[in-house]
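Structure for the following, please:
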Amino acid sequence: MPPDNEPQFDPVSARLDEPTTPEQPGSMVPPPLVPTVGPDAYTFEWFAMRRQVVGASEAAAVCGMSQYATPLDLYMEKTGLIKPQPAGEAAEMGLAAEPFILSCYEKRTGIVCERPLPMYRHWEHPFMAATPDARWKMPFGNRLVELKLTGDRGRIGQLGPDGSDFIPDDWFLQCQDQMFVMDTSEMDLAVLHDARLRVFTIGRDDEICQRIVAAAGELMERIKNSDPPEPDFEHPQALELVKRMYSVKEGCVCDIDAATAVIWTEHQRLGTEIKKLDTARTILKARVLHAMGGNAIGRLPRGEQELVRQWMPPVDVAAFTRKGHSRLRQRKVKD
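Predicted coordinates:
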């Protein structure tokens, strides 16, 4: 049992049962709005706490604005009905690169930062949490710094001028969540791509923060009431989520209703149409390549567009290996 003076966590309550910092008797000054310090990042306790809160990296998903997850994904993972998706290689590389990105940021700005930081929960809405990547050390201030490594051309294309807040939507919502939890008005986003460090400045938008709080509160209320959100079948990851939700029971049979039968018939029809279209595209492509002959580039009439033929010269692996060994032997002789 926790001690009597420890705040009790309720994921759907509006505040902790006890204030984080009690007022002094006779004082007219309200307590500071400081977040509650949680477990250290990436510990067992940290992963356990993530099931009870909505973290900053989940802000886009809970708002239905993530290309990777939906509110239903979060519901299923936080209730333990499905296992969280393991971090991909890109995410692992990004985490490993954070110290280097931060060192580049410190060198660029002259600001000394502290990391790693633990999880923090909002003083009034404890289901709102954040684990910032870094924070300025005193006396520089209390500014947060989010660190990103990306090679995604789509994301890079969404980045605006350095110093602006033109960044991908999910990164923007992540920053808004962090500033809300930590009660700061501005933060930096340091992005490393193409061997180039870029720094963006994001200001806090209270209206957006309140929308994140409302969406997170609704999710936690649904978890409390065992009321999952409806699947977003138009989401690009909907099929993978549905597959993860149900384990196939061999030999079990169910009856398909009429509405679902209509959906299946349409699925089959579209599949047939796609096959026909793919065949037609293959035929047309073959005709164009035949017209180009051995030319690598074909210029359309009036020079409006060029068709560039993708071509790789054949590689003689054996010859390449022999040359490589020969060069290695020559270098050894010279050394």
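
going forward, measure contacts and count neighbours with C-alpha atoms only.
Noted.

Remind me what the helix or strand L284 falls within packs against, helices and strands.
Assigned by DSSP states H and E, L284 falls within helix 258-292. Packed against helix 258-292, as judged by 3 or more CA pairs under 8 Å, 6 or more residues apart in numbering; DSSP states H and E, are no other helices or strands.

next SSE after that helix?
strand 297-299.

For that next one, which strands pair with it and how are they oriented?
strand 306-308 (antiparallel) (DSSP bridges).

Please enumerate residues in contact with stretch 141-150?
For stretch 141-150, contacts defined as CA atoms under 8 Å, 6 or more residues apart in numbering pick out 90, 93-94, 97-98, 101-102, 132-136, 156, 175, 179, 184, 186-193.

What strand or helix carries the residue nearest to E98 when sequence neighbours are not counted?
Leaving aside its chain neighbours, E98 sits nearest to L147 (6.1 Å; criterion: CA to CA, 6 or more residues apart in numbering). Using DSSP H and E, L147 falls within strand 144-149.

distance between that strand and the chain's centre?
Here the centre of strand 144-149 is set off from its chain's centre by 13 Å, with CA atoms, centre = their mean, to the nearest Å.

Can you get me the centre-to-centre distance for the next helix or strand along the chain from that strand and its chain?
Going down the chain from strand 144-149, the next helix or strand is helix 153-157, by DSSP H and E. Distance, stretch centre to chain centre, for helix 153-157: 14 Å (CA atoms, centre = their mean).

Give the rounded mean pLDDT of helix 153-157.
In this model, helix 153-157 has a mean pLDDT of 93.

Flag every buried residue along it.
Within helix 153-157, the residues that count as buried by 16 or more other CA atoms under 10 Å are I156.

Against which helices or strands is the helix or strand that that helix is followed by packed?
Going down the chain from helix 153-157, the next helix or strand is helix 169-182, by DSSP H and E. Judged by 3+ CA pairs under 8 Å, 6+ apart, the packing partners of helix 169-182 are helix 59-62, strand 120-121, strand 129-130, strand 186-193, helix 206-224.

Tell me which of those lies nearest to Q268.
helix 59-62 (30.9 Å; CA to CA).

Counting by contacts, list what that closest one packs against.
helix 71-78, helix 169-182, helix 206-224.

contact partners of the last one?
For helix 206-224, the surrounding residues in contact (CA under 8 Å, 6+ apart) are 11-12, 53-54, 59, 62-63, 71, 75, 79, 125, 127-128, 173, 176-177, 180, 228-229.

Now, of these, which are buried?
11-12, 53-54, 59, 62-63, 71, 75, 125, 127-128, 173, 176-177, 180, 228-229.

As TSV, the helices and strands packed on helix 59-62 with mean pLDDT and distance to I111 would be great.
TSV is the format used below for these (pLDDT from 0 to 100; distance: least, CA to CA, whole Å):
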stretch	mean pLDDT	distance to I111
helix 71-78	95	36
helix 169-182	96	19
helix 206-224	96	27
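
Could you look over these and pick the most buried one?
Most buried of those, by mean neighbour count (mean count of other CA atoms under 10 Å): helix 169-182, with a mean of 24.

how big is the angle separating it from helix 206-224?
Calculated by axes from the mean of the first three to the mean of the last three CA atoms, to 10 degrees, helix 169-182 forms an angle of 90 degrees with helix 206-224.

export helix 169-182 as CSV, just CAs?
The C-alpha coordinates for helix 169-182 follow below in CSV (Å, rounded to 0.1, in the frame of the first residue of the first chain):
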residue,chain,number,x,y,z
ASP,A,169,2.0,17.3,-37.6
ASP,A,170,2.8,14.4,-35.3
TRP,A,171,6.1,16.1,-34.2
PHE,A,172,4.1,19.4,-33.6
LEU,A,173,1.5,17.6,-31.4
GLN,A,174,4.3,15.8,-29.5
CYS,A,175,5.9,19.2,-28.7
GLN,A,176,2.6,20.7,-27.7
ASP,A,177,2.0,17.8,-25.3
GLN,A,178,5.5,18.2,-23.7
MET,A,179,5.0,22.0,-23.2
PHE,A,180,1.6,21.4,-21.6
VAL,A,181,2.9,18.8,-19.2
MET,A,182,6.0,20.8,-18.3
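
Report the separation between E114 and H290.
62 Å (CA to CA, to the nearest Å).

Many thanks, have a good one.
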